[in-house]
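Enquirer: no FASTA, just this:
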């Protein structure tokens, strides 16, 4: 097959050369709320075509590669006792991109918990501005552990999704430590 990025011959969807040269994460931090930072690994513009594969069948493999290059090393370097909670990890196309990211965090101290933070609204935020997002909340329901958690999503744009998820989880007795996303739209 051909590499999705450079179109050279490869045994995997994104060749090892492209992974090494183009998918080396640069961790960043954005403070969403006074006690809730969000860490990202890439600027959105750096990996935009790869993020958009979440709507395609090949996306599961792309997200697995991205998670292995960013989330897995993070979990290995940070032995935090917490549950990884993917945001709205419904399976729409045979897989969930946020569940793939949370699974990559699995370690001796970080335990993924699936289907515990689900949106009551199926509104799609892709390409929408902050005003639209505020007028159309996700209406999350949290049924996860009342313990320290890491909120996991793919992209941080305006922050409304993570803020709403934080408030709902905290209101249900969880302790959100921070958010973890692949990409931040500000970078």
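Expert: Yep, it's here. No experiment lies behind these values; they were computed from the predicted model shown.
Enquirer: Counting by contacts, list what the helix or strand of the chain with the lowest mean pLDDT packs against.
Expert: Every helix and strand in the chain was compared by mean pLDDT, DSSP states H and E; the lowest is helix 130-135, with a mean of 74. Contact analysis of helix 130-135 by 3 or more Cβ pairs under 8 Å, 6 or more residues apart in numbering; DSSP states H and E lists helix 160-171 as its packing neighbours. Placement of C-beta: from N, CA and C, glycine included.
Enquirer: related to what we said a few turns ago, next helix or strand past the least confident helix or strand of the chain?
Expert: Downstream of helix 130-135, the next assigned helix or strand under DSSP states H and E is strand 140-142.
Enquirer: show me where pLDDT drops low in the protein?
Expert: When residues are selected by pLDDT under 70, those of the chain lie in 125-126, 128.
Enquirer: how about the helices in it?
Expert: 16-22, 44-51, 59-69, 71-77, 97-104, 130-135, 160-171 (DSSP state H).
Enquirer: among those, which is nearest residue 123?
Expert: Closest of the helices of the chain to residue 123 is helix 130-135, at 8.6 Å (criterion: Cβ to Cβ).
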